[in-house]
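In: got a structure for you, letters missing:
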């Protein structure tokens with residue numbers, strides 16, 4: 001194993017705050033292992049090393065510490081790559097934060113088509129909040145833990161499962177003194193071993209312990225010695241097929257399946273509907289969709305009106321109501337509706353709102369010397385580049401029509 005003797009050098013990720021802000025992105029309930037280890041600094045174990053990030057006024061800095069050699073991941077990443085290889089780590093972070101999908105332009109599109117979204121993001125409180133492309137194994141077992149739970153408790157549970165079943169990452173005393181100890185997320189094999197359910201129950205997982213153990217065992221039984229590769233292969237398959245496959249696992253219902261689809265399996269159209277999103281749909285978007293219906297074709301208008309009627313009359317999230325809400329948000333936000341809902345979900349969390357206000361106040365009252373001295377970035381150049389990339393990469397109208405048609409068919413079938 002490799003042990004870093006000292007803290008590594010910071011490197012520039014070359015991303016503006018409009019494209020990535022760590023604070024809202026890392027605490028909004030999509031990932032639960034990022035730990036704040038200093039002012040504007042966050043650390044997590046990724047790719048069998050400790051990854052440290054630092055937000056500045058113009059960019060994000062990164063560095064890696066320690067390494068567990070010889071590890072192989074479902075994504076094909078080789079764990080022997082040295083943590084000081086800045087370019088390799090940069091590539092992984094670009095993929096992890098999906099930085100090739102420009103966020104600011106999406107915000108502009110969503111704000112243009114929806115005044116409610118525009119008002120929510122006014123003032124910049126949620127700028128830079130983007131969905132991450134997480135490892136499917138971590139995403140799956142983490143979100144099994146989210147059932148009837150809240151962020152602080154989920155965070156504790158995920159920490160405990162890593163300490164108990166993951167591997168300790170060697171970093172050396174100086175790094176450990178700065179950021180603390182970190183463990184990898186457990187493998188499917190380790191979670192499917194005998195005695196795991198009992199141990200998880202002793203750690204306070206309750207009924208979720210059985211779900212985790214059974215899902216791990218089923219993955220190994222159905223997909224051989226490398227079930228991680230099967231999970232990773234779902235990125236290349238159809239959304240409906242992927243969701244159906246995930247829901248064969250214990251503890252994975254429609255909401256958890258959609259969370260996994262949008263957060264780790266590249267299904268940007270997946271809308272995960274929990275209590276917050278259900279309330280947002282009934283409170284704010286039934287009226288928005290009604291206005292959309294007025295300018296839609298006769299067939300789409302009838303389907304939207306039917307969906308709105310289902311949403312307004314439903315007392316709980318029934319399967320029919322779930323489909324109706326998905327159609328509603330797809331109609332409003334298009335093929336990246338799963339990303340847009342991530343912002344609306346965060347905006348609906350009172351605790352996150354309070355923290356964001358404090359964070360903005362702190363950032364406005366102080367400057368960052370690291371940025372001045374060693375990580376200067378041309379924000380305008382990055383923004384121009386992002387706009388160009390989006391024009392080439394996203395054909396919202398074409399994809400939007402396709403997704404709406406598929407969901408409309410399901411609503412029509414439900415009516416019959």
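Out: Yep, that arrived. The structure presented is a predicted model; accordingly, all values stated were derived computationally and were not measured.
In: for the closest residue to residue 259 other than its chain neighbours, what is the enclosing helix or strand?
Out: The shortest distance from residue 259 to any non-neighbouring residue, by C-beta to C-beta, 6 or more residues apart in numbering, is to residue 272 (4.4 Å). Just so you know, the C-beta spots here come from the backbone N, C-alpha and C atoms, and that holds for glycine as well. Using DSSP states H and E, residue 272 maps to neither a helix nor a strand.
In: my guess is residue 272 contacts residue 255. True?
Out: Yes - counting by C-beta atoms under 8 Å, residue 255 is a contact partner of residue 272 at 5.1 Å.
In: the more surrounded of those two?
Out: Neighbour totals were compared for residue 272 and residue 255, and residue 272 leads with 25 against 20 (other C-beta atoms under 10 Å).
In: one step back: can you read off the pLDDT for the residue nearest to residue 259?
Out: If you check residue 272, the pLDDT there is 94.
In: any idea how far it is from residue 110?
Out: Residue 272 is 17 Å from residue 110, where distance means C-beta to C-beta, to the nearest Å.
In: show me the contacts for residue 345.
Out: By C-beta atoms under 8 Å, 6 or more residues apart in numbering, the contact set of residue 345 is 28-29, 274, 276-277, 280.
In: buried only: go through these for me.
Out: Buried residues within the contacts of residue 345, counting neighbours by 16 or more other C-beta atoms under 10 Å: 28-29, 276-277, 280.
In: from the residues you listed, which shows the smallest pLDDT?
Out: Within those, pLDDT is lowest for residue 276, at 85.
In: what's the closest non-adjacent residue to it?
Out: That would be residue 348: by C-beta to C-beta, 6+ apart, it lies 4.8 Å from residue 276.
In: which strand residues bridge the nearest residue to residue 36 once chain neighbours are set aside?
Out: Spatially, and ignoring its direct neighbours in sequence, residue 36 is nearest to residue 42 (5.7 Å; C-beta to C-beta, 6+ apart). Under DSSP bridges, the beta-bridge partners of residue 42 are residue 36, residue 53.
In: residue 42 and residue 31 touch, don't they?
Out: No - counting by C-beta under 8 Å, residue 42 stays clear of residue 31, with 10.3 Å between them.
In: out of the buried ones among the contacts of residue 345, which one sits closest to residue 18?
Out: The nearest member of the buried ones among the contacts of residue 345 to residue 18, counting by C-beta to C-beta, is residue 28 at 16.9 Å.
In: quick check: the closest one vs residue 189, distance?
Out: Computed with C-beta to C-beta, the distance linking residue 28 and residue 189 is 31 Å.
In: how near is residue 289 to residue 309?
Out: From residue 289 to residue 309 the distance is 11 Å (C-beta to C-beta).
In: again, but for residue 145
Out: 35 Å.
In: neighbour-wise, which of these two wins?
Out: Under the neighbour definition other C-beta under 10 Å, residue 145 and residue 309 were set side by side, and residue 145 has more, 24 against 12.
In: find me the pLDDT at the more buried one, would you?
Out: At residue 145, pLDDT is 95.
In: just give the nearest non-adjacent residue to it, would you?
Out: Using C-beta to C-beta, 6+ apart, the closest residue to residue 145 is residue 157 (5.0 Å).
In: got a list of what that neighbour touches?
Out: Residue 157 neighbours (C-beta under 8 Å, 6+ apart): 145, 149, 203-205, 208.
In: follow-up on the earlier one: nearest to residue 94, of the contacts of residue 345?
Out: residue 28 (20.1 Å).
In: the closest one reaches residue 349, doesn't it?
Out: Yes - counting by C-beta under 8 Å, residue 28 touches residue 349, with 7.2 Å between them.
In: picking that back up, out of the buried ones among the contacts of residue 345, which is nearest to residue 57?
Out: For these, the nearest to residue 57 is residue 28 (21.1 Å; C-beta to C-beta).
In: let me see the contact set for that closest one.
Out: 129, 342, 345-346, 349, 352.
In: out of those residues, who has the most neighbours?
Out: Using other C-beta under 10 Å as the neighbour test, the contacts of residue 28 are led by residue 129, with 27 neighbours.
In: what helix or strand is it located in?
Out: With DSSP H and E as the test, residue 129 turns up in no helix or strand.
In: ok, now the one 4 residues further on?
Out: Following DSSP H and E, there is no helix or strand that holds residue 133.
In: now do the strands in the chain.
Out: 11-12, 35-38, 41-46, 49-55, 60-65 (DSSP state E).
In: so the longest one versus strand 41-46, what angle?
Out: Looking back up the chat, that one is strand 49-55. Following axes from the mean of the first three to the mean of the last three C-alpha atoms, to 10 degrees, one obtains 150 degrees for the angle between strand 49-55 and strand 41-46.
In: what pLDDT, on average, does strand 49-55 get?
Out: 95.
In: now for that strand, which elements pack on it?
Out: Counting contacts by 3 or more C-beta pairs under 8 Å, 6 or more residues apart in numbering; DSSP states H and E, strand 49-55 is packed against helix 22-27, strand 41-46, strand 60-65, helix 86-96, helix 173-179.
In: tell me which of these sits most buried.
Out: Across the helices and strands packed on strand 49-55, averaging neighbours per residue (mean count of other C-beta atoms under 10 Å) puts strand 60-65 on top, at a mean of 24.
In: helices or strands up against that one?
Out: Short answer (3+ C-beta pairs under 8 Å, 6+ apart): strand 60-65 packs on strand 11-12, strand 49-55, helix 86-96.
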